[in-house]
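Visitor: only geometry, no sequence info:
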């Protein structure tokens, strides 16, 4: 039985979705690691904060998946995006730079009672970077055809696995 063309074309979601969820979760939790979570109250607050970050990750990936649907369903736009595969890694790098620079550009100092000073990042810059990282990660197509041609040469024919 032959798979529908959309399924054959969009099998990349197998690695795109876990990659996006993992990267966004890691970025969300990386910020919370630097806070002081000592004591029982701190452990409970850490658990609640982790659950909140996981919920935000799921919402972010769902919203970015819906926003990126035209990249998947409009053939010309999909072809344009796949031919410029390097845009996604550049977007991920730009998003990481935005997230890091949000602690330096427009950051505010927050004084915690009997504790250290905490830097509150620039929300617009950090969230913009997070959304850019998520979008580019979720819609990153590895150029397998170019890699195979680079390894085996341009006359190499791939065997079709679908019957």
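Guide: Yep, that arrived. Model, not experiment: these values are computed from the prediction.

Visitor: please list all residues in contact with the residue nearest the centre of the chain.
Guide: Centre of the chain computed as the mean C-alpha position; nearest residue by C-alpha atoms, centre = their mean is residue 134, 2.8 Å away. In this structure, residue 134 makes contact with 20, 23-24, 60-61, 64, 95, judged by C-beta atoms under 8 Å, 6 or more residues apart in numbering. Any C-beta I mention is one placed from the backbone N, CA and C, and that applies to glycine too.

Visitor: would you show me how to pick out the buried ones of those in ChimeraX?
Guide: Under the burial definition 16 or more other C-beta atoms under 10 Å, those of the contacts of residue 134 that qualify are selected in ChimeraX by:
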select :20,23,24,60,61,64,95
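
Visitor: residue 16 belongs to a helix?
Guide: Yes. With the criterion set as DSSP: H, G, I helix; E, B strand; the rest coil, the secondary structure at residue 16 is a helix.

Visitor: shouldn't residue 71 be in contact with residue 77?
Guide: Yes. Counting by C-beta atoms under 8 Å, residue 71 sits close enough to residue 77 to count as a contact (5.8 Å).

Visitor: can you give me the strands for the protein?
Guide: Secondary structure of the chain (DSSP state E): strands located at 108-111, 117-120.

Visitor: tell me the mean pLDDT over the first one?
Guide: In this model, strand 108-111 has an average pLDDT of 64.

Visitor: what's the closest of the contacts of residue 134 to residue 138?
Guide: For the contacts of residue 134, the minimum distance to residue 138 (C-beta to C-beta) is 4.0 Å, reached by residue 20.

Visitor: what residues are up against the closest one?
Guide: The contact partners of residue 20, taken as C-beta under 8 Å, 6+ apart, are 61, 64, 134, 137-138.

Visitor: what ranges do the helices span in the chain?
Guide: Ranges of helices in the chain, per DSSP state H, are 5-9, 13-33, 39-67, 69-73, 75-83, 87-101, 123-138, 144-152.

Visitor: those: which one's closest to residue 108?
Guide: Shortest distance between residue 108 and these, using C-beta to C-beta, is found for helix 123-138: 9.8 Å.
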